[in-house]
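> A predicted structure for the sequence below; I have some questions about it.
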Amino acid sequence: MKKINLAILFTITLFSLVSCNDFLVEEPKTQLTEEQVYGDEENIRLLISGLYLQWRNTKQDRGGFMFTLGTDEAKQGGQQVQENNVQAALDKYNGALNPANSSLAEQWSKRWPVVTAAAKAVFYAKSDELKAQAAFIRATLNFELAMLWGPIPIIDMENLKESRQPLEDVFTFIIRDLEFAAQHLNDSEEDPKIPTKGAAEALLGKVYMYVPEATGLRDYEKAISYFDQAIPRYSLIDNYEDLFNTTIDQNSSESIYAFQFVNIYPDNNMAQHHAGSRAVADLDNNTYFGGYDLILPTEYYYKDITEGGIWEPGDTRKMASIRYDFTLPDGREPSITWTGQQDELEPHTKKFEDVRTQGLQNFWYSGGLIYYLRLPDILLCKAECLNELGRTSEAVQLVNTTVRNRAFGGDLPAELAWETTTSQSEFRDMIMDERMRELGFEGWRRMDLIRTGRLVELVKERNPWAKASGTIAEYHNRYPIPESEIKQNELINEEDQNPGY
């Protein structure tokens with residue numbers, strides 16, 4: 001972590017020198033102190049603007065899908081598994097899922113410079129608004145890191161703790177950041193990359209719901225209280241499919257926070273490149289639903305209930321979420337390529353398709369928004385909390401009248417409405433499927449499986465690579481601390497590694 005801190009300080013210092021003529025005039029570069037670099041509020045504003053870009057870029061390209069792989073929702077394509085043993089381990093849970101795994105190490109390493117720079121901004125910013133923005137960014141990344149890796153360092157310039165800290169302390173710190181953000185962020189922003197008060201409230205609710213029970217901090221009542229503050233600020237749009245339509249404004253009334261991308265380099269997300277079909281790409285790489293099969297839906301995600309999957313008749317989310325037809329716009333039919341992998345023409349996700357590229361650009365230039373928080377997520381989370389508090393009939397009513405009603409075009413058939421007599425245990429199973437139907441490939445599934453204690457059970461059953469390997473175990477609820485971190489951080493040693501690795 002010390003090497004990361006120094007690298008970030010040097011980068012930000014250099015950026016400030018280039019950006020601020022006063023520094024060039026008044027002080028030699030070699031004599032600038034940290035206080036001089038960060039002491040100017042405009043420098044802090046520029047720093048935070050850069051942090052939004054760095055944070056967004058953790059969701060860009062292949063890395064944006066690494067944590068979704070290896071779930072019961074998503075799997076790698078067959079050719080990807082053959083080509084990259086290190087990446088394949090994220091689905092297979094075999095011996096290559098180890099501290100040397102470069103796919104995971106890259107994701108770990110991308111996040112800590114942002115956390116560190118955000119901590120600097122929180123410490124040096126004079127305005128509460130800027131402090132709140134930096135605190136929100138730090139909290140989101142700490143939340144992700146702690147959920148996936150367990151105990152992590154706490155980067156607080158007033159009390160720096162570079163060794164792995166107990167999860168109770170980590171989550172207390174995350175909550176403190178989000179409470180400050182909820183208090184000092186604005187109610188609305190013209191610039192959609194800047195989070196609002198509602199985003200902090202929504203995430204606070206999720207943190208109180210997701211925090212491991214062993215910390216003693218999980219609190220469904222508090223989660224609901226924050227959800228209830230956030231929910232009135234947003235509203236569901238009528239048509240689910242419009243959420244992923246890149247020809248209209250995707251910053252809709254139900255988007256709480258989304259990473260802003262466009263189909264122009266370097267602000268393209270490249271998601272379709274990894275989510276689309278190689279067979280389509282082989283026929284025409286300017287067809288907007290082509291790609292290279294990095295991440296595909298599992299059979300459980302793309303099949304109907306009658307076939308052992310999740311989809312009910314009439315649910316409009318099915319065809320908006322999954323592509324079953326690969327006929328090109330000009331009528332051509334693709335066929336399996338040289339790889340011989342049949343999954344090239346099995347169902348793929350549609351959520352990252354960008355029709356703006358059709359016939360004009362390679363699908364690599366896909367640039368739709370990547371959602372982080374949407375209102376339906378928060379509604380489903382609230383319903384789940386209600387159920388855990390023994391208020392199952394209220395939870396059922398909430399889901400029926402909001403998320404499921406919209407899914408069936410605003411007229412939920414009586415026979416498909418969840419019954420108020422549903423048991424608490426039944427609701428737990430039903431809500432997990434509902435979250436997959438609504439939020440598939442939007443980044444929450446692994447955390448959902450971890451917090452409910454069902455990662456091993458459901459991945460072993462539904463992910464074909466994990467099922468074939470048969471090696472997934474309870475210790476896989478946490479990723480291994482990268483060996484690169486152990487080598488460079490004198491306060492994290494091999495004995496600090498997560499059990500099982």
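Sure thing, it's come through.
> going forward, measure contacts and count neighbours with C-alpha atoms only.
OK.
> thought residue 256 was touching residue 375?
Yes. Judged on CA atoms under 8 Å, residue 256 makes contact with residue 375 at a distance of 6.6 Å.
> any common contacting residues for those two?
Taking CA atoms under 8 Å, 6 or more residues apart in numbering as the criterion, residue 256 and residue 375 both touch residue 234.
> same drill for the two, tell me which one is more crowded.
Taking other CA atoms under 10 Å, residue 256 and residue 375 do not tie; residue 256 has more neighbours (29 against 24).
> so the more buried one, which of the three states?
strand (DSSP: H, G, I helix; E, B strand; the rest coil).
> and it, what is it in contact with?
For residue 256, counting by CA under 8 Å, 6+ apart, the contacting residues are 198-199, 234, 372-375.
> any of the residues you listed buried? List them.
Neighbour counting with 16 or more other CA atoms under 10 Å marks 198-199, 234, 372-375 as buried within those.
> from residue 360, how far out is residue 57?
Separation of residue 57 from residue 360 (CA to CA, to the nearest Å): 24 Å.
> so what's the residue count around residue 468?
So residue 468, with other CA under 10 Å, has 11 neighbours.
> which residues touch the residue nearest to it when sequence neighbours are not counted?
Residue nearest to residue 468 in three dimensions, not counting chain neighbours: residue 92, with 7.8 Å by CA to CA, 6 or more residues apart in numbering. Taking CA under 8 Å, 6+ apart as the criterion, residue 92 is in contact with 70, 465-472.
> do that again at 7 Å, thanks
465-466, 469 (CA atoms under 7 Å, 6 or more residues apart in numbering).
> pipe these into TSV and attach neighbour count per row.
Shown next, in TSV, are the contacts of residue 92 (neighbours: other CA atoms under 10 Å):
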residue	neighbour count
465	22
466	25
469	14
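> which of the residues you listed fall in helices?
465-466, 469 (DSSP state H).
> what about residue 142, distance to residue 55?
12 Å.
> the two: which has the busier surroundings?
More crowded of residue 142 and residue 55, by other CA under 10 Å: residue 142, with 23 against 20.
> check which helix or strand the closest residue to the more buried one other than its chain neighbours maps to.
Distances taken as CA to CA, 6+ apart place residue 174 nearest to residue 142, at 6.8 Å, with adjacent residues excluded. According to DSSP states H and E, residue 174 maps onto helix 167-184.
> can you give me how far that helix is from the chain middle?
With CA atoms, centre = their mean, to the nearest Å as the basis, helix 167-184 stands 19 Å off its chain's centre.
> need the contact partners of it.
Contact with helix 167-184 is made by 128-129, 132-133, 135-136, 139, 142-143, 150-151, 154, 197, 200-201, 204, 215, as judged by CA under 7 Å, 6+ apart.
> now go through those and say which are in helices.
Using DSSP H, the contacts of helix 167-184 in helices are 128-129, 132-133, 135-136, 139, 142-143, 197, 200-201, 204.
> with those residues in mind, which one is nearest to residue 452?
In terms of CA to CA, no member of the ones in helices among the contacts of helix 167-184 lies closer to residue 452 than residue 143, at 16.3 Å.
> show the pLDDT at the closest residue to that closest one other than its chain neighbours.
Distances taken as CA to CA, 6+ apart place residue 174 nearest to residue 143, at 6.8 Å, with adjacent residues excluded. Looking at residue 174, its pLDDT reads 99.
> tally of neighbours for residue 174?
23.
> what's the answer for residue 51, then?
22.
> what helix or strand is residue 431 on?
Here residue 431 sits within helix 424-439, counting by DSSP H and E.
> give me the distance from that helix to the chain's centre.
19 Å.
> same thing with stretch 191-202?
The answer for stretch 191-202 is 16 Å, by CA atoms, centre = their mean.
> report the two of the contacts of residue 256 separated the most.
Pairwise over the contacts of residue 256, using CA to CA, the maximum falls at 234 and 372, 14.6 Å.
> what's the burial count for residue 316?
18.
> ok, residue 226 next?
22.
> list the buried residues of stretch 47-54.
Those would be 47-48, 51-52, 54, for stretch 47-54 by 16+ other CA under 10 Å.
> averaged pLDDT, that stretch. What do you get?
For stretch 47-54, mean pLDDT is 97.
> over to stretch 67-84?
Rounded mean pLDDT across stretch 67-84 is 98.
> thinking again about what came up before, show me the contacts of residue 256 that map onto helices.
Under the assignment DSSP H, these contribute 198-199, 375 to helices.
> so which of those is the closest to residue 239?
Among the ones in helices among the contacts of residue 256, and counting by CA to CA, the member closest to residue 239 is residue 375, at 13.8 Å.
> for the closest one, give me its contacts.
231, 234, 236, 254-256.
> contacting residues around the nearest residue to residue 284 once chain neighbours are set aside?
Counting by CA to CA, 6+ apart, the nearest residue to residue 284 once its immediate chain neighbours are dropped is residue 290, at 7.7 Å. By CA under 7 Å, 6+ apart, the contact set of residue 290 is 273, 276-278, 280-281, 363.
> please enumerate the strands of the protein.
74-75, 255-259, 296-297, 322-323, 348-349, 370-374 (DSSP state E).
> now tabulate those strands in CSV and tack on distance to residue 190.
Formatted as CSV, the strands of the chain follow (distance: least, CA to CA, whole Å):
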stretch, distance to residue 190
strand 74-75, 35
strand 255-259, 13
strand 296-297, 35
strand 322-323, 32
strand 348-349, 31
strand 370-374, 18
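> closest one to residue 222 among the ones you listed?
strand 370-374 (18.5 Å).
> as a whole number, average confidence for that closest one?
Here the average pLDDT along strand 370-374 is 98.
> which other helices and strands does that strand contact?
strand 255-259 (3 or more CA pairs under 7 Å, 6 or more residues apart in numbering; DSSP states H and E).
> how much space separates the closest residue to residue 320 other than its chain neighbours from residue 92?
Nearest residue to residue 320, sequence neighbours excluded (CA to CA, 6+ apart): residue 241, at 5.1 Å. Going from residue 241 to residue 92 by CA to CA gives 32 Å.
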